[in-house]
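Engineer: requesting a structural model of the entry that follows:
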Amino acid sequence: MPVERTDARGADELHKYYEVYETIGSGGFAKVKLGRHILTGEKVAIKIMDKKDLGDDLPRVKVEIEAMKNLSHQHVCRLYQVIETSTKIYMVLEYCPGGELFDYIIAKDRLSEEETRMFFRQIVSALAYVHSQGYAHRDLKPENLLIDEDQNLKLIDFGLCAKPKGGLGYELMTCCGSPAYAAPELIQGKTYIGSEADVWSMGVLLFALLCGYLPFDDDNCMVLYRKITRGKFDNPRWLSPGSVLLLNQMMQVEPKRRLTVRQLLDHPWVMKDYSSPVEWHSKQPLGHIDEDCITEMAVNMKRSRESTTQLVKEWRYDQTTVTYLLLLSKKQRGKPVRLRPEPPVCDASSCSPLHQGLQPKQALHFSEDEDGVVLGSMEFCSDYIDDYPWVSLSHRSPQGVRGQPDGAANPNNNKNTRLASPSVEKRWGHSPNLERERVTPHRRQERRDREQERTSENKENIAVPEKDVEIFALPPPRTPVTNKKNARPAKNVLTTPTQNVSGTKTNAVTPKGGGSGSKEQSRKRAENKDPGNIEILTFSPERRSRSLDMAGTGDSGQKKRGGKMFGSLERGLDKVITMLTPSKRRGLRDGPRKIKAQYNVTLTSQTNPDQVLNQILSILPEKHVDFTQKGYTLKCRTQGDFGKVTMAFELEVCLLQRPEVVGVRRQRLKGDAWVYKHLVEDILSTSSI
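Structural biologist: Residues are numbered from 1 along each chain as shown. As a prediction, the model looks like this:
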């Protein structure tokens, strides 16, 4: 594992190659943040662990890392890169936008036998492969299975896995895992075979899929252990005879009488409606090297294909490994095998505008969270996520990026410079003939001088003086159009109106003012933004970017645009001004968020979101739940006897687009999954919503 000698170097490496966003999950000693790999444009999950907090669990993390380096399977979460500092460990992992299988189960109450069979075949495939590599997982549960964008399961959390030196048949002693899923021999303190214990856990998981609750459950641990050791559970009436038989065969108290994973591959229940046994061999063997990915990397790295291949085959789980694996993932999903040009190491004075536009940290607004991790807002993503591959050099303006003139002369502009594909240019109203609309060298020098003067006078980053707005003078705006195709709003979250505490609307672009000339043009530009139709980027049903969620909303459904070239220049100015006023870069919603129906949203019979919110607020103290409120989102938590947080989750009152009803979105952040399920169900049922 590559080890960085200082925390600064490790953090620099992280932010050199990744854009890091908000937290999408947390556990006992780890926090997971959403990220994007800059070179490939692919989303990743970044697991951040503090060594001091890990304490005695640090060896467990080392075991997890080594196991994931050796496992490469379509139903096992991919490890891309490991960065270690003196105090932290960063694991860059495959991002699964569908969330945990557990949340999927409780949202549907229980799954049909057909859907259960589809998921269970994937679980069997993953475990058969893991066992074939000599590992026992030992913590199999629905919380450790994630759903990707194609409804495929990915097995995670190998921190408790074991690889006996004597082979998988070697007896183990350590009692570990989750009590509700633990095999009888584990809780009795006996020696056990790891693969046999995994089969018992798979049986409990299968029961949870089919029934929506656990076969062995009790608040008292000793009572729970007695139930498990007896192995007696009730089969609900809706289970088919085949399901009951399979469950009984897997949850046998005597380990030697249980089915093996090999027997599950072609079991009659598993084979029903399928023409072949479960395919458990890896479709992604590490020994295979894809030539297309190697070629693209070789061109980008300016190396020969042979040397690039040798570099990839070292599997150091560094930047070379993550780039190759993400390129391979793109190819397997039918996306272009292309890399964004890697930014050179340079400063603002020596780099060309093109290179400055590619600096990863200059494309976003950044802030630090409590972990010291630099966070960027997801506002940039809509510019290029749907329009990959990146624009070629022939599409770029002489200034480096269209709509950003004099980028080299004005460092403030560089911080918001970015590339756009032709489709983005069309969407944003860029002129296709911009190459012929270049300003003269005299005008460019004049603008450069004015920009430098404005920067020196405005060091407090408050707002751009109105006298300087005439630099980007606009022609009279067009008459607003009603055609949806032509009136498509720009994806610019940075310049949406905000609303202050008193309810008075302000604007992040420039102060409103009366009069004519530059003041009137400035006011029109500020009013012509269309925050009501901002397009937000959804990453998953339950882990939507909350930096995007707070985008402003308004009443206007129309958008006015200026001329071809000037519309682009206006947006360039807006981005500079927004950067100078970071406190205004995000709007606050007046009402609840409108979302599509999702499996983690509970529908209500109410039509008034405020009434639903007030009902929940009145119930939380009765359930001994602490919370903080941000608009219509409640961040809730429960604490133990010594003040330790035992449960953390979110409740958000929202509006569903179809049908237009009020819903409550729920998301577990920390704590036991089934305790969370019972608590949230209790809160929502007591609220009578």
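Engineer: run through this protein and note the low-pLDDT ranges.
Structural biologist: 1-10, 28, 341-590, 658-659, 689 (pLDDT under 70).
Engineer: how is it divided into domains?
Structural biologist: 7-95+286-332, 101-271, 377-584, 593-686 (automatic domain parsing).
Engineer: measure the residue nearest to residue 314 when sequence neighbours are not counted to residue 132 for me?
Structural biologist: Nearest-residue entry for residue 314: residue 320, 7.7 Å, with adjacent residues in sequence omitted and distances by Cβ to Cβ, 6 or more residues apart in numbering. All C-beta spots, glycine's among them, are computed from the backbone N, C-alpha and C. Separation of residue 320 from residue 132 (Cβ to Cβ, to the nearest Å): 27 Å.
Engineer: and the two? Which one has more around it.
Structural biologist: It is residue 320, of residue 320 and residue 132, that has more neighbours when counted by other Cβ atoms under 10 Å, with 18 against 15.
Engineer: tell me the contacts of the more buried one?
Structural biologist: 297, 311, 312, 314 (Cβ atoms under 8 Å, 6 or more residues apart in numbering).
Engineer: which residue, other than its chain neighbours, is closest to the third one?
Structural biologist: Right, the one you point to is residue 312. Nearest non-adjacent residue to residue 312 (Cβ to Cβ, 6+ apart): residue 324, at 4.9 Å.
Engineer: tell me, how many residues neighbour the one you found?
Structural biologist: Neighbours around residue 324, by other Cβ under 10 Å: 24.
Engineer: and residue 272, by the same measure?
Structural biologist: What residue 272 shows, counting by other Cβ under 10 Å, is a neighbour count of 12.
Engineer: wait, it touches residue 117, no?
Structural biologist: Yes: if you go by Cβ atoms under 8 Å, residue 272 and residue 117 touch, sitting 6.7 Å apart.
Engineer: one step back: on the three-state scheme, the residue nearest to residue 312 is what?
Structural biologist: Secondary structure for residue 324, judged by DSSP: H, G, I helix; E, B strand; the rest coil, is helix.
Engineer: show me which strand runs longest in this structure.
Structural biologist: The single longest strand within the chain, with elements called by DSSP state E, is strand 645-656.
Engineer: what lines up beside that strand in the sheet?
Structural biologist: strand 593-595 (parallel), strand 633-639 (antiparallel), strand 662-670 (antiparallel) (DSSP bridges).
Engineer: out of the ones you listed, which one sits most buried?
Structural biologist: strand 662-670 (a mean of 22; mean count of other Cβ atoms under 10 Å).
Engineer: got the angle for the helix or strand just after it vs strand 645-656?
Structural biologist: Using DSSP states H and E, the helix or strand that follows strand 662-670 towards the C-terminus is helix 673-686. Put simply, helix 673-686 runs at 50 degrees to strand 645-656, going by axes from the mean of the first three to the mean of the last three Cα atoms, to 10 degrees.
Engineer: buried ones in helix 673-686?
Structural biologist: 673, 674, 676, 677, 679, 680, 683, 684 (16 or more other Cβ atoms under 10 Å).
Engineer: how much space separates the nearest residue to the last one once chain neighbours are set aside from residue 666?
Structural biologist: Which is residue 684. The shortest distance from residue 684 to any non-neighbouring residue, by Cβ to Cβ, 6+ apart, is to residue 602 (5.7 Å). Per Cβ to Cβ, residue 602 is found 7 Å from residue 666.
Engineer: pull out the buried positions in stretch 314-323.
Structural biologist: Quick answer for stretch 314-323 (16+ other Cβ under 10 Å): 317, 318, 319, 320, 321, 322, 323.
Engineer: wait, the last one touches residue 298, no?
Structural biologist: No: the pair residue 323 and residue 298 fails to qualify as a contact (Cβ under 8 Å) at a distance of 11.4 Å.
Engineer: compute the number of surrounding residues for residue 309.
Structural biologist: Neighbours of residue 309 (other Cβ under 10 Å): 17.
Engineer: quick one: buried residues of the helix or strand harbouring it?
Structural biologist: For residue 309, the host element (DSSP H and E) is helix 305-313. Buried residues in helix 305-313, defined by neighbour count with 16+ other Cβ under 10 Å: 308, 309, 311, 312.
Engineer: next: stretch 231-246.
Structural biologist: For stretch 231-246, the neighbour count (16+ other Cβ under 10 Å) marks 231, 233, 239, 243, 246 as buried.
Engineer: residues in contact with the helix ranked longest in the chain?
Structural biologist: Determined from DSSP state H, the single longest helix within the chain is helix 113-132. Outside of helix 113-132, the residues that reach it under the criterion Cβ under 8 Å, 6+ apart are 71, 73-76, 101, 111, 136-137, 140, 145, 152-153, 155, 161, 168, 195, 198, 202, 205-206, 209-210, 240, 243, 261-262, 264-265, 269-270, 272-274, 278-282.
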